[in-house]
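Enquirer: missing the sequence, but the structure's below:
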């Protein structure tokens, strides 16, 4: 079967899907958007692999904060994506993390090109924009969110199937009339790529954090996050007498927010750009506590996939996120802790972090439990089996 998997962001577990399908004998092209800056997976074929990696958006600049410019880029990406898929003529295409304007152009084109495609629904963008309109976004985005919902619903109806990463997405598709197309396949953990390493590893030594208690955040920071909470949490821990430092691996406007807030609160922080994927085990292994951040309003439409990577790394996890989020349950089952993402929760969150930083044996136990949970319940094989069955059924139905 000829397959094309396009993940706009280039994240690790989407790459794992493509690699495993290629190993199973399918002809797979995996593409991502070069214009989008984020932590990337392993997007280079290894010797002996048959998978093909490509990018779209080369030379474009994706500016999240300038809406008009971003819209123009997303329209151009839609045109590029159509050309990209048309050039390969796959039996089935799978699309993940594609922005709404880009997705609309693609879906319209597929009405004529008639290549069946699957929407791998990682985030319900329309709900996200609506939730933040009038706060992080201007009130004018209330209108934008309504347009986005119409567009996202229409695209869901055009897809031959929808893969949702959480049961929480199903009510949205029931409202849209697309629930009959939905298969829930949770994201999995990259167990073979992110493994526990020694706390004092080469990367930690290079960054000067090998002998420092660290709270570490690695990943994107956007509308769904309040980066200042990371600094405030670290301040709470330090006020309890623990000499801890904040390490943040991120690029973009949030880094400036963190830098300014750390200076204001006199909190030591190490800010670094996104690191090569092959060093991610060392990056995560350099954290004594790994931090997950998610805005309260994002609970219904987003599941932070970095949680699974954190569990793979075998470190304690502290979540500042909605208690009802699916990832919150994982963190707590592994022995970590979750608190609501607001200032009032920081004293309790800081006390938990200070306590576990002061107890190396407990820290080790929670880390081991985190890795064990990932190994027991989030192996890629079962999830990819379900993906392969779905894609095969779509091909057979043509």
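Expert: That came in fine, so what should we check first? Owing to the predicted nature of the structure, the values given are computational and were not obtained by experimental measurement. Residues are numbered from 1 along each chain as shown.
Enquirer: other SSEs contacting the host helix or strand of residue 54?
Expert: Taking DSSP states H and E as the definition, residue 54 sits inside strand 52-56. Using 3 or more Cβ pairs under 8 Å, 6 or more residues apart in numbering; DSSP states H and E, the elements in contact with strand 52-56 are strand 27-33, helix 67-88. Quick note: C-beta positions are derived from backbone N, CA and C, even for glycine.
Enquirer: Paired strands for the shortest one, with orientation please.
Expert: Right, strand 27-33. Using DSSP bridges, the strands paired with strand 27-33 are strand 2-7 (parallel), strand 52-56 (parallel).
Enquirer: Return the set of buried residues in the shortest one.
Expert: Going back to what we said before, that points to strand 52-56. Neighbour-count burial for strand 52-56, counted by 16 or more other Cβ atoms under 10 Å, picks out 53, 54, 55, 56.
Enquirer: Can you list the neighbours in contact with that strand?
Expert: Residues from elsewhere that reach strand 52-56 (Cβ atoms under 8 Å, 6 or more residues apart in numbering): 6, 28-34, 43-45, 77, 80-81, 84.
Enquirer: about what we covered before: so which of the buried residues of strand 52-56 is the closest to residue 383?
Expert: residue 53 (21.1 Å; Cβ to Cβ).
Enquirer: And the closest one, how far from residue 10?
Expert: According to Cβ to Cβ, to the nearest Å, residue 53 and residue 10 sit 9 Å apart.
Enquirer: what do the two both touch?
Expert: Contacts common to residue 53 and residue 10, judged by Cβ under 8 Å, 6+ apart, are residue 43.
Enquirer: Nearest spatial neighbour of residue 178, chain-adjacent residues omitted?
Expert: Among residues not flanking residue 178 along the chain, residue 156 sits closest, at 4.5 Å (Cβ to Cβ, 6 or more residues apart in numbering).
Enquirer: What is the neighbour count of residue 82?
Expert: Residue 82 has 20 neighbours, counted by other Cβ atoms under 10 Å.
Enquirer: Then residue 285?
Expert: By other Cβ under 10 Å, the residues close to residue 285 number 25.
Enquirer: Check the contacts of strand 52-56 and tell me the two furthest apart.
Expert: 45 and 77 (23.3 Å).
Enquirer: re the thing from before, and the average pLDDT for the strand holding residue 54 is what?
Expert: Throughout strand 52-56, pLDDT has a mean value of 95.
Enquirer: That strand to helix 67-88, inter-axis angle?
Expert: For strand 52-56 against helix 67-88, the angle by axes from the mean of the first three to the mean of the last three Cα atoms, to 10 degrees is 150 degrees.
Enquirer: so how far is strand 52-56 off the chain centroid?
Expert: Mean-position distance between strand 52-56 and its chain equals 20 Å (Cα atoms, centre = their mean, to the nearest Å).
Enquirer: Surely residue 203 and residue 278 touch.
Expert: No. Using Cβ atoms under 8 Å, residue 203 is not in contact with residue 278; the gap is 10.6 Å.
Enquirer: For the stretch 251-398 of the chain, just list every one of the helices.
Expert: Under the criterion DSSP state H, counting those that start in this stretch, the stretch 251-398 of the chain carries helices at the ranges 253-265, 280-285, 306-313, 326-333, 346-357, 360-377, 380-396.
Enquirer: Can you tell me what sits against the first one?
Expert: By Cβ under 8 Å, 6+ apart, the surrounding residues in contact with helix 253-265 are 64-65, 221-222, 225, 227-228, 230-232, 235, 246, 248, 250, 267-269, 271.
Enquirer: what do you get for the third one?
Expert: Taking Cβ under 8 Å, 6+ apart as the criterion, the residues outside helix 306-313 that touch it are 12-13, 187-191, 193-197, 218-219, 280-281, 284-285, 287, 290, 292, 317, 319, 327, 330-331, 334, 370-371, 373-374, 378.
Enquirer: pLDDT (mean, whole number) over stretch 267-280?
Expert: The model assigns stretch 267-280 a mean pLDDT of 93.
Enquirer: low pLDDT regions in this structure?
Expert: 62-67, 125-144, 222-224, 297-304 (pLDDT under 70).
Enquirer: next one: stretch 323-342 to chain centre, how far?
Expert: 16 Å.
Enquirer: try stretch 253-266
Expert: The answer for stretch 253-266 is 23 Å, by Cα atoms, centre = their mean.
Enquirer: Can you point out the buried residues in it?
Expert: Result for stretch 253-266 [16+ other Cβ under 10 Å]: buried residues 254, 255, 257, 258, 261, 262.
Enquirer: So among the contacts of helix 306-313, which ones count as buried?
Expert: Buried among the contacts of helix 306-313 by 16+ other Cβ under 10 Å: 12-13, 187-191, 193-194, 196-197, 218-219, 280-281, 284-285, 287, 290, 292, 317, 319, 327, 330-331, 334, 370-371, 373-374, 378.
Enquirer: wait, isn't residue 58 in contact with residue 32?
Expert: No. Counting by Cβ under 8 Å, residue 58 sits too far from residue 32 to count as a contact (11.0 Å).
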